[in-house]
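>>> build me a structure from this.
(one chain, ligands or ions: 1)
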Amino acid sequence: MEKKYLFSPGPTMLPPEVLLKMAEPIMHHREPEFEKIFDEIREGLKYLFQTKNEVLIFTSSGTGAMEGAVSNLLSKGDKALVVRGGKFGERWGEICKAYGIEFIPVDVEWGRAVDPEKIQEILKSNPSIRAVYTQASETSTGVKHPVKEIAEIVKKFENTLIVVDAITGIGVFNIPMDEWGLDVVVSGSQKALMLPPGLAFAALSDKAWKFVERSDLPKYYFNFKKELKSAQKNQSSYTPAISLFVGLRETLNMIRKEGLEGVFRRHEKLAAATRAAVKALGLELYAPDSPSNAVTAVKIPEGIDGERLKDLFFEKFGITVAEGQDRAKGKIIRIAHLGYYERLDVVMVISALEMLLKEMGYNFELGKGVKAAEEILMT
Ligand SMILES: Cc1ncc(COP(=O)(O)O)c(C=O)c1O
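Residues are numbered from 1 along each chain as shown. Here you go, the predicted structure:
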């Protein structure tokens with residue numbers, strides 16, 4: 001018998017009741033029934049993003065909202081600052097480049113969080129920077145960046161925005177958009193929102209909307225102003241991923257029922273248990289100083305073939321974990337715990353890790369990782 005489990009940081013496992021809802025016959029998106037769903041979703045997203053402003057929804061993967069957060073905010077000749085501590089930080093730079101936006105990179109060693117002081121220095125000496133692009137959680141390295149501290153710095157610069165890719169942050173740990181003064185927060189459906197890929201989200205502060213007003217970069221599908229007008233009428237500008245909207249209403253209700261505090265606490269516990277477990281096995285964390293609660297990046301020990309380990313997870317147990325990307329390829333595996341995950345999911349994936357490492361000749365005492373996880377999961 002074969003069972004499959006996703007422990008990749010997107011797509012993630014989905015609640016069966018949500019899958020069933022999405023399997024219902026499709027409705028038309030200009031019908032009152034859909035508008036009602038849209039209306040509920042708008043409220044649910046505001047709760048999730050912790051903002052009073054509209055959260056825009058696009059039918060695309062998360063990168064669509066990232067692209068929109070460049071093309072709708074900036075204008076020709078504007079400069080940007082990009083935090084580059086992994087693959088997704090690099091993506092901000094690539095999007096800027098595609099739109100002809102010159103950017104100053106703040107290159108961060110992979111596995112480390114950015115030092116906000118560096119951002120402050122650059123902003124002080126480059127008053128033409130209009131936006132600071134960063135991740136809340138850099139999924140490729142398992143790092144959590146200090147978004148609150150960065151926001152405090154950017155706030156001092158009247159003509160500069162802080163734009164946060166919270167694709168693996170929203171619904172995982174606390175990112176109170178309005179309270180922290182974040183100007184743009186983007187996310188996607190296939191992570192903590194417990195949905196298939198296909199929806200991207202972007203929320204904007206009042207300050208960011210002013211930038212939208214003057215932005216002259218080319219845009220068509222990802223047009224924030226147009227989408228805002230549509231959303232206010234419980235409509236999307238173009239045909240939305242209707243079934244995903246139906247699922248989104250369900251998952252937002254689940255989140256509301258658990259409460260944000262509960263959701264964050266659960267992720268904190270799952271992440272802490274995973275980290276404790278791998279450490280108990282004598283493994284090292286790739287992001288020891290500032291780990292994200294979305295995904296745990298683990299260094300592959302000496303003598304173990306990382307790619308083989310990842311393949312064996314799937315071959316032997318039907319488990320998908322993520323390998324390292326780019327310069328981290330073969331050096332790490334990434335075990336996700338964001339979204340529809342509970343305590344025993346951690347026990348299972350750690351148990352599988354132990355069995356595989358044992359088979360591959362890594363020396364440790366079986367059960368030590370599971371024990372360390374259980375000790376945290378029982379608290
Ligand atoms: C932090 C982060 N940013 C951006 C993306 C890109 O999102 P998508 O693949 O949905 O376009 C991902 C996806 O893994 C991510 O984790």
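>>> what residues does this protein have near the ligand?
9-10, 61-63, 88, 135, 137, 139, 165, 167-168, 188, 197 (CB under 6 Å from any ligand atom). Just so you know, the C-beta spots here come from the backbone N, C-alpha and C atoms, and that holds for glycine as well.
>>> chain center to the helix or strand containing residue 271: distance?
Per DSSP states H and E: residue 271 is located in helix 260-280. Computed by CA atoms, centre = their mean, to the nearest Å, the chain-centroid distance of helix 260-280 equals 16 Å.
>>> other residues contacting the next helix or strand after it?
Next helix or strand after helix 260-280 toward the C-terminus (DSSP H and E): strand 295-299. The list of residues contacting strand 295-299 from outside it, by CB atoms under 8 Å, 6 or more residues apart in numbering, reads 9, 111, 137, 139, 141-142, 168, 271, 274-275, 278, 283-287, 291, 322, 324, 328, 331-338.
>>> now strand 295-299 against helix 260-280, angle please.
10 degrees (axes from the mean of the first three to the mean of the last three CA atoms, to 10 degrees).
>>> circling back to that earlier point, check the residues of the chain next to the ligand and tell me the two furthest apart.
135 and 197 (18.1 Å; CB to CB).
>>> which residues touch residue 40?
So residue 40 contacts 249, 252 (CB under 8 Å, 6+ apart).
>>> now do the buried residues in the helix or strand containing it.
Per DSSP H and E, residue 40 falls inside helix 32-49. Across helix 32-49, burial judged by 16 or more other CB atoms under 10 Å covers 34, 37-38, 40-42, 44-46, 48-49.
>>> and those residues, which is closest to residue 75?
Among those, and counting by CB to CB, the member closest to residue 75 is residue 49, at 25.4 Å.
>>> count the neighbours of the nearest residue to the closest one once chain neighbours are set aside for me.
Distances taken as CB to CB, 6 or more residues apart in numbering put residue 203 closest to residue 49, at 4.7 Å, once the chain neighbours are dropped. Close neighbours of residue 203, defined as other CB atoms under 10 Å, add up to 28.
>>> where does residue 203 sit, in terms of helix or strand?
Counting by DSSP H and E, residue 203 is part of strand 199-204.
>>> who touches that strand?
With contacts defined as CB under 8 Å, 6+ apart, strand 199-204 is touched by 45, 49, 51, 53-66, 68-69, 170, 177, 183-189, 193, 212, 224, 241, 244-245, 248.
>>> what number of residues lie near the residue nearest to residue 188 when sequence neighbours are not counted?
Computed as CB to CB, 6+ apart, the closest residue to residue 188 that is not its neighbour in sequence is residue 62, at 2.9 Å. When neighbours are counted by other CB under 10 Å, residue 62 registers 26.
>>> identify the residues contacting residue 62.
165, 167, 186-188, 190-191, 200.
>>> re earlier: ok, then the element right after the helix holding residue 40?
strand 55-59.
>>> quick one: residue 187 is in a strand?
Yes. Under DSSP: H, G, I helix; E, B strand; the rest coil, residue 187 sits within a strand.
>>> how close does the residue lying closest to it once chain neighbours are set aside sit to residue 141?
Using CB to CB, 6+ apart and skipping the chain neighbours, the partner closest in space to residue 187 is residue 170 (4.2 Å). Taking CB to CB, to the nearest Å as the criterion, residue 170 is separated from residue 141 by 18 Å.
>>> same thing with residue 279?
18 Å.
>>> compare the two (neighbour count), which wins?
For residue 279 versus residue 141, the count of surrounding residues by other CB under 10 Å is larger for residue 141: 32 against 16.
>>> who's more crowded, residue 135 and residue 197?
residue 135 (31 against 16).
>>> surely residue 236 and residue 29 touch.
Yes. With contact defined as CB atoms under 8 Å, residue 236 counts as touching residue 29 (6.9 Å).
>>> out of those two, which sits in the busier spot?
Counted by other CB under 10 Å, residue 236 and residue 29 do not tie: residue 236 has more neighbours, with 21 against 18.
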